[in-house]
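Trainee: Fold the following for me, if possible:
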Amino acid sequence: MNAKKLLLGTLGVVASLGMSSNTLAYFGETAAYDYPSGFYLGLQLGYAQTWWKDLNGLTDAGLFIFDGSAGSTAAGRVLFGYEFNEFFAVEMGYAYFRSGIVTVADTPIAGPNAEVYNKRMKSSTIDAVGKISLPLDNGFRLYTKAGIHYTMSNGAPTFIGGAPWVVDDPNRKVANVTFGVGVGYAVTPAFSVDASWVYYRGNSDLSSDKYYPDTDFYSLGLTYKFLCS
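Mentor: Predicted coordinates:
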């Protein structure tokens, strides 16, 4: 699954960078003068999947068994950025979502189906990305973005030597890379709509209590640009 996501993100970058010679000429001779730069604000709403189920069946010598759900919970992201021209922008965002359900069962004591830990965490993410766009006809554009994120969760099961435990970590924090692709449409010079997918990479280290799974965020968005004179 991760390989497919990395491939999709790479293809998005290549597609945006692989502009035709005509497009590059337009950028060099015209876009820098005709396309207004400016700050923009936006809101994206959709759903997030946090892939706890990738660890389904993880056990520690039969003492604990782990099960999880990817979830498909409502999620939102607010964003603030600056568009230098038709092709390049920088952006910061804050996203909020709930994860899938995490279950740890104590099999020898409570029985094979007993749940001694069952929780759906709430998480928030701050990200900073660079954005590359490929303008198309009639106001449409393809874009890709990549950068870093810092995710904070209100709790997650602790891992000891790679085994799930029933103790909560009340303030899990993970920093890693993020990237995504999308398509946008300029309704007016100031208002744009878009549809996008963003991937927040987690922490795969099971030897400590810092494990956190990957997250996919699918959204529809609305952006308002403050045009510079």
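
Trainee: For L58, which non-adjacent residue is closest in space?
Mentor: F66 (4.1 Å; C-beta to C-beta, 6 or more residues apart in numbering). Every residue, glycine included, has its C-beta placed from N, CA and C.

Trainee: So what's the predicted local confidence for the one you found?
Mentor: In this prediction, F66 carries a pLDDT score of 75.

Trainee: tell me, how many neighbours does it end up with?
Mentor: 22 (other C-beta atoms under 10 Å).

Trainee: could I have the host helix or strand of it exported to CSV, CA atoms only?
Mentor: Assessed by DSSP states H and E, F66 sits inside strand 64-68. Presented in CSV, the C-alpha positions along strand 64-68 are these (Å, rounded to 0.1, in the frame of the first residue of the first chain):
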residue,chain,number,x,y,z
PHE,A,64,-2.1,-9.6,24.0
ILE,A,65,-3.7,-9.4,20.6
PHE,A,66,-4.1,-6.3,18.6
ASP,A,67,-6.9,-5.4,16.2
GLY,A,68,-7.7,-2.1,14.6
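
Trainee: what's the following helix or strand after that strand?
Mentor: strand 73-83.

Trainee: And the average pLDDT for that next one is what?
Mentor: For strand 73-83, the per-residue pLDDT averages 93.

Trainee: who's in contact with it?
Mentor: Contacting residues not belonging to strand 73-83 are listed as 37-48, 89-100, 120, 131, 217, 219, 221, 223, 225 [C-beta atoms under 8 Å, 6 or more residues apart in numbering].

Trainee: What about these, which are in helices?
Mentor: Per DSSP state H, helices hold no members of these.

Trainee: Which of these fall within strands?
Mentor: 38-48, 89-100, 120, 131, 217, 219, 221, 223, 225 (DSSP state E).
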